[in-house]
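A.B. asks: Sequence first, then the predicted structure, then my questions.
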Amino acid sequence: MKKYLSQEFVDNTGACLSFACAIHCIAMPLLITVLPLIGLGFLANERAELVLITVAIVLAIGSLAWGIRHHRRWRAFLILIVALVFIATARTAVEGTFEVVFYSIGAIVLASAHLVNRHLCKTCLVYEPEDV
């Protein structure tokens with residue numbers, strides 16, 4: 001029986017979502033005037049940004065916790081903490097251009113945590129019995 005919600009799928013989704021968050025942060029200052037014209041003005045809203053960040057962080061925490069149970073290594077979780085520091089700094093301590101830079105770095109580091117977690121899970125030697 002095939003697993004529909006595998007750890008690899010969650011990591012891939014989280015990495016893609018984190019990269020989308022980084023692209024959103026980088027492109028938003030350039031597209032802010034064009035988005036309403038093409039019916040995508042909601043993407044320029046701070047609420048959309050908050051939803052994207054929240055979903056990416058929740059997915060990362062869940063995925064990395066799942067991965068740690070499998071491979072028993074905390075390396076990816078430490079990378080997640082670095083990403084959260086960048087994102088929290090962007091949200092609370094900096095403004096303007098630096099906010100975009102910190103969010104983008106945080107999102108890229110968050111995606112990296114997913115990729116490291118996926119690599120650790122793929123190279124793990126823990127025996128898992130197949131589903132029957």
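C.D. replies: That came through fine.

A.B. asks: Now do the contacts for the residue most central in space within the chain.
C.D. replies: By CA atoms, centre = their mean, the chain has its centre lying nearest to Ser18, at 3.3 Å. Ser18 makes contacts with Ala56, Ala60, Ala107, Ile108, Leu110, Ala111, His114, as judged by CB atoms under 8 Å, 6 or more residues apart in numbering. Glycine gets a C-beta too; all of them are placed from N, C-alpha and C.

A.B. asks: how close does it sit to Leu110?
C.D. replies: Ser18 sits at a distance of 4 Å from Leu110 (criterion: CB to CB, to the nearest Å).

A.B. asks: what residues are shared contacts of the two?
C.D. replies: Shared contacts of Ser18 and Leu110 (CB under 8 Å, 6+ apart): Ala56, Ala60.

A.B. asks: which residues does the closest residue to the residue nearest to the centre of the chain other than its chain neighbours contact?
C.D. replies: Among residues not flanking Ser18 along the chain, Ala111 sits closest, at 3.6 Å (CB to CB, 6 or more residues apart in numbering). Contact partners of Ala111, counting by CB under 8 Å, 6+ apart, are Gly14, Ala15, Cys16, Ser18, Phe19, Ala22.

A.B. asks: How about the secondary structure of the fifth one?
C.D. replies: What DSSP: H, G, I helix; E, B strand; the rest coil gives for Phe19 is helix.

A.B. asks: which residue packs closest to it, ignoring adjacent ones?
C.D. replies: The spatial neighbour of Phe19 that comes closest, neighbours along the chain excluded (CB to CB, 6+ apart), is Ala111 at 5.1 Å.

A.B. asks: same thing with the last one?
C.D. replies: What sits nearest to Ala22 in space, not counting adjacent residues and going by CB to CB, 6+ apart, is Ala107, at 3.7 Å.

A.B. asks: Mind listing what's buried along the helix or strand containing that neighbour?
C.D. replies: In the assignment (DSSP states H and E), Ala107 maps to helix 97-123. The neighbour-count criterion (16 or more other CB atoms under 10 Å) identifies 99-100, 102-118, 120-121 as the buried residues of helix 97-123.
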